[in-house]
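S.K.: Fold the following.
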Amino acid sequence: MDSVGIDLVADAVPHNAPWPAAPHELRRLRIRKRESQEKFWSRFGVTQSSGSRFETGVVIPPPVAILLRLYVNGTLKDDDLHG
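M.R.: Below is the predicted model of the structure:
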């Protein structure tokens, strides 16, 4: 992820936000990245339909929540995640 991408992520889900992020914040993050649900969620090993459910409030499994948090913090980059 380039520096612009990291800025978009940081703006979408504040680092001090409770985790996992609220569903509307996850959706906002994906939209700010201008990605489809399929493209965004596949980098975390999640199907489009599961990602859609996460964006509407279904509990995110701990492994996916960990990856999301590392991604939001900039620890993991797009190149680190193979979707």
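
S.K.: And for the residue nearest to Phe54 when sequence neighbours are not counted, the neighbour number?
M.R.: The shortest distance from Phe54 to any residue other than its chain neighbours is 5.1 Å, reached at Ile60 (Cβ to Cβ, 6 or more residues apart in numbering). C-betas here are computed from N, CA, C, even on glycine. Ile60 has 23 neighbours, counted by other Cβ atoms under 10 Å.

S.K.: give me phi/psi at Ile60?
M.R.: Ile60 adopts backbone torsions of phi -90, psi 130, taken as degrees, to the nearest 10.

S.K.: do the same with Tyr71
M.R.: Dihedral angles (degrees, to the nearest 10) for Tyr71: phi -70, psi -50.

S.K.: I'd say it and Leu81 touch.
M.R.: Yes. Using Cβ atoms under 8 Å, Tyr71 is in contact with Leu81, at 7.1 Å.

S.K.: Now for the two: what residues contact both?
M.R.: Counting by Cβ atoms under 8 Å, 6 or more residues apart in numbering, the shared contacts of Tyr71 and Leu81 are Arg43, Phe44.

S.K.: So if I had to pick from those two, which one is more boxed in?
M.R.: Higher neighbour count among Tyr71 and Leu81: Tyr71, with 21 against 15, using other Cβ under 10 Å.

S.K.: Show the model's pLDDT score for that one.
M.R.: With respect to pLDDT, Tyr71 scores 89.

S.K.: swap in Asn16?
M.R.: Asn16 is assigned a predicted lDDT (pLDDT) of 55.
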